[in-house]
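> Okay, sequence plus prediction incoming.
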Amino acid sequence: MEGLTPAQLASFQEKGYLVLPDHLTPTEITSLLRETNHLLDTFPLDTHPLTQFTTGDDLKDDKPHVGDDYFLTSGDKVRFFFEPDAFSASPDPSTGKPALLKPKQQAVNKIGHSLHSLSEPFRAVSLSERNAAIAKSLGFKDPRVLQSMVICKQPGIGGAVPPHRDSEFLYTDPPSAVGWWFALQDAGPGNATLGMYPGSHRGRTGGVVKRRFVRRYNDEGVVVGTEFIENDGPGLPRGMEEGEVEGQGPKEEDVEILEVKAGSLVLIHGNVLHKSEKNTSDRSRFAYTFHVIEGADGWKYDERNWLQPPENGEGFSQLYQ
Ligand SMILES: O=C(O)CCC(=O)C(=O)O
């Protein structure tokens, strides 16, 4: 199985991301969309804790980043996180809970975080020889797959994802994360596609991991949520270490707003800054994404990361079968 060509690899290394059009076949896209719609149709609402996906960066509504038990234990499950804007501002008097203003299928922000192990159609496009060959081209020794999810970007309410680096969320010492992001529907400037800051993964442009998204503990050592903390470990992948150069940081005017067709794969370096806007259009923008970290000796998955390996001792899914 072929991995990346030398030109593709060079482009990934230069920009910190790479678009591979037509990576999924039309049959694969149909199968993933069918599975997504099936999951949205069949998840039970009456037992759902109504967890909303909040990023903690939205200062206007003062909501902390999502961090309840339903979220924190979702690393090896298929769970459903709602759009904050899908709910009424005040609780429904009859239930005491916020009321959904939309059918549940149009109210979910994301489904996660282990579709790659628990859903056959998603497993097939994740733990594949094709992806193993790409991981090999990228230099992975023992790539492990984690944090797989469908991001729905619902029409009108699909929340913005503020600028971030994926290694802030899935930190290894030293950093090693790479995101695999598949457009399941056409994504462009009209429906809140990805915005990428080219070259922002490099040390000289300030691409170091400066903060980390971790579990928050109370004085008794019990997990009570999530928070960002300062990173005091290595901030750049091995071999990429270099100091920041003043004036070379990422600029808004350089952001590349990706226009990609359904079936495209976008590879995202764990240190590259990227974002997406709120989807104010009437078109959804379903995407499937998972992440890969280095599982070989010499890299350590951080024990405070929000997502922890399954407790049954199996660890994260191996990409090399
Ligand atoms: O799909 C999106 O809107 C954002 C995805 C993203 O930033 C990520 O997966 O790291």
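Arrived safely, thanks for sending.

> contact partners of the helix or strand where Leu267 lies?
In the assignment (DSSP states H and E), Leu267 maps to strand 265-269. With contacts defined as C-beta atoms under 8 Å, 6 or more residues apart in numbering, strand 265-269 is touched by 12, 16-20, 23-24, 134, 138, 166, 178-183, 194, 196, 201, 258, 260, 274. In this view, the C-beta of every residue, glycine as well, is placed from N, C-alpha and C.

> In strands, which of those appear?
Members of the contacts of strand 265-269 lying in strands (criterion: DSSP state E): 17-20, 178-183, 194, 196, 274.

> near the ligand, which of the residues you listed show up?
Contacts with the ligand within the ones in strands among the contacts of strand 265-269, as defined by C-beta under 6 Å from any ligand atom: Gly179, Trp181, Leu194, His274.

> Dump these to JSON lines, plus distance to Asp41.
Below are those laid out as JSON lines (distance: C-beta to C-beta, whole Å):
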{"residue": "Gly179", "distance to Asp41": "27"}
{"residue": "Trp181", "distance to Asp41": "24"}
{"residue": "Leu194", "distance to Asp41": "27"}
{"residue": "His274", "distance to Asp41": "31"}
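
> of the residues you listed, closest to Tyr301?
The nearest member of these to Tyr301, counting by C-beta to C-beta, is Gly179 at 16.0 Å.

> Spatially, and excluding backbone neighbours, which residue is closest to the closest one.
Ile268 (3.6 Å; C-beta to C-beta, 6 or more residues apart in numbering).

> does the one you found have beta-bridge partners, and which?
Residues in a beta bridge with Ile268, per DSSP bridges, are Tyr17, Gly179.

> who in the stretch 151-300 of the chain is up against the ligand?
Proximity of the stretch 151-300 of the chain to the ligand is confined to Ile151, Lys153, Val161, Asp166, Gly179, Trp181, Leu194, His274, Ser276, Ala287, Thr289 under the rule C-beta under 6 Å from any ligand atom.

> What residues does the closest residue to the last one other than its chain neighbours make contact with?
Translated: Thr289. Distance criterion C-beta to C-beta, 6+ apart; nearest residue to Thr289, sequence neighbours excluded, is Trp181 at 4.4 Å. Residues in contact with Trp181, defined by C-beta under 8 Å, 6+ apart, are Leu194, Leu265, Val266, Leu267, Ile268, Ala287, Tyr288, Thr289.

> make it 7 Å
Trp181 makes contacts with Leu194, Val266, Ile268, Ala287, Thr289, as judged by C-beta atoms under 7 Å, 6 or more residues apart in numbering.

> Kindly reformat those residues as JSON lines containing distance to Glu35 and pLDDT.
Converted to JSON lines, those look like this (distance: C-beta to C-beta, whole Å; pLDDT from 0 to 100):
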{"residue": "Leu194", "distance to Glu35": "22", "pLDDT": "98"}
{"residue": "Val266", "distance to Glu35": "20", "pLDDT": "98"}
{"residue": "Ile268", "distance to Glu35": "23", "pLDDT": "99"}
{"residue": "Ala287", "distance to Glu35": "14", "pLDDT": "98"}
{"residue": "Thr289", "distance to Glu35": "15", "pLDDT": "98"}
